[in-house]
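Trainee: The following comprises the amino acid sequence and a computationally predicted model.
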Amino acid sequence: MTPPWLLGYDVRMQKIHVHVPAADAEYNVMVGSNLSREVAEFVVERFHPHTCAVITDTNVAPLHLSTVESALRAAGTKPISLMIPAGEQHKNISTLGTIWDFLLNHRWERRLPIVALGGGVVGDMTGFAAATVLRGVPLIQMPTSLLAAVDAGVGGKTGIDHPLGKNLLGAFHHASLVAMDVKFLSTLPRRELVSGLAECIKHAVIADENLFHWLDVHLPQVLESHPADLTELIGWNVRIKAGIVMKDPYENSIRAHLNLGHTFGHAMEAVVGYDKLPHGYAVAVGMLAASRLAVKLGYCNPELPGRLESMIHRAGLPTCIPELDAPSILSAMYSDKKVAAAKLRLILPAKIGEVKVVTDVPEAAILDAIKSVTTAGAAVG
Ligand SMILES: NC(=O)c1ccc[n+]([C@@H]2O[C@H](COP(=O)([O-])OP(=O)(O)OC[C@H]3O[C@@H](n4cnc5c(N)ncnc54)[C@H](O)[C@@H]3O)[C@@H](O)[C@H]2O)c1
Ligand SMILES: [Zn+2]
């Protein structure tokens, strides 16, 4: 079934135009299979570079780096590549320093582009390096994880972690091109694919009930990394995310909606340890907590948490993370960098496809919502 929003689009290769006037940024997002040649031709036509850097990580390099390098060479530029260690624990100043050194040692120039080939960690760090080296050089994002494709790859946020918290250092730096090659996603470990699905479910709950219905039907194909379904899914999610970013690039208003499930989720990640709990798992459980809180406060229909729980479960995501200490999670929620003036601002679903920003929620109600996802067999609704 082709959803109405897709009529007129080519589902095999989608091109989404992103224009963020407030950030003076305009670029295309391509989604499809085997995009390396298109990316390489864009790089050469736009920048005429004698060289171009590809930053990737130790997991992605053996799988996909040679494809991108060959395409760049065939298009007429000479790529140089840097492989950084894979994993969130390396999204720090030390790895950023390695990227800076690599570029400066190669006498980088203002017009020479940098390609980020990898998941959100590579994208965020390469983006930050591109924002800072010589006060900004062109960036091409080639996200290789579902999470990076539907979330990190679009929106211009770049950064690194600090011992005091995640993503505390960074800059806004939009890419010149974003290319999501779904063929690269075929090697993604299932846990990572599933983790990315949490952000897709989040987009559906925030902005589009039709996406929720589509996911209901297409989850099995998506979980098998079927290229056409991944293309459709990523294209749809990019439209939702880019639509929000274009209206509010610096998160003064509706961009905050994208934090649905994240205040709860980040707190859980902080308590459990970032390397132990995949981000998407925390977001899934966080959305469920948010939906139960929304019912309790009378903002949404009592059947919503059940629909959401069933979708989360079918996507292979957890619906409960037992044995977490609910009061510790509540106090970690206050340490989230998005907590304005020690006031919790929560994004809660009003219905599938619409959210509300809520402040002044009684702590006891938040605690109950946390308990509902941290206590095995807790009451639903
Ligand atoms: N800038 C933003 O707007 C934004 C938005 C959301 C998340 N993020 C950031 O993104 C990061 C999470 O992204 P992620 O989940 O992609 O993490 P990640 O980059 O660590 O990738 C997850 C794992 O999958 C591996 N991998 C990636 N692509 C692969 C492929 N095609 N085949 C095999 N293995 C592959 C990676 O090496 C890594 O081990 C976090 O640091 C988060 O803060 C940024
Ligand atoms: Zn997220």
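Mentor: Here it is on my side, so go on. Numbers count the residues shown, from 1 in each chain. Ligands and ions are numbered 1, 2, ... in the order given.
Trainee: For the protein, give me the ranges with low pLDDT.
Mentor: Low-confidence regions of the chain, defined here as pLDDT under 70, cover residues 1-12, 336-342, 377-381.
Trainee: Distance check, the spatially most central residue of it against His262.
Mentor: The geometric centre of the chain, computed from its C-alpha atoms, lies nearest to Asp151 (Cα atoms, centre = their mean), at 2.5 Å. In this structure, Asp151 lies at 11 Å from His262, with Cβ to Cβ, to the nearest Å as the measure. All C-beta atoms are positioned from the backbone trio N, CA, C, and that covers glycine.
Trainee: still on that earlier bit, let me see the contact set for the residue nearest to the residue nearest to the centre of the chain when sequence neighbours are not counted.
Mentor: Using Cβ to Cβ, 6 or more residues apart in numbering and skipping residues adjacent in sequence, the residue nearest Asp151 is Glu199, 4.7 Å away. Contact partners of Glu199, counting by Cβ atoms under 8 Å, 6 or more residues apart in numbering, are Leu146, Leu147, Val150, Asp151, Asn237, Gly280, Val283.
Trainee: can I assume the first one is in contact with Pro189?
Mentor: Right, the one you point to is Leu146. No - with contact defined as Cβ atoms under 8 Å, Leu146 does not reach Pro189; the gap is 10.9 Å.
Trainee: okay, these two: which has more neighbours?
Mentor: Leu146 (29 against 10; other Cβ atoms under 10 Å).
Trainee: Run a quick neighbour tally on Ala376.
Mentor: Considering only other Cβ under 10 Å, Ala376 is surrounded by 8 other residues.
Trainee: Give the helix, strand or coil label for it.
Mentor: With DSSP: H, G, I helix; E, B strand; the rest coil as the basis, Ala376 sits in coil.
Trainee: Would you check that it makes contact with Cys320?
Mentor: Yes - with contacts defined as Cβ under 8 Å, Ala376 counts as touching Cys320 at a distance of 6.0 Å.
Trainee: Find the residue closest to Phe172 in space, skipping its chain neighbours.
Mentor: Gly156 (4.6 Å).
Trainee: In contact with the closest residue to Pro318 other than its chain neighbours, which residues are there?
Mentor: Closest residue in space to Pro318, ignoring its immediate chain neighbours: Tyr281 at 5.3 Å, by Cβ to Cβ, 6+ apart. Listed by Cβ under 8 Å, 6+ apart, the contact partners of Tyr281 are Ser195, Ala198, Leu317, Pro318, Ile321.
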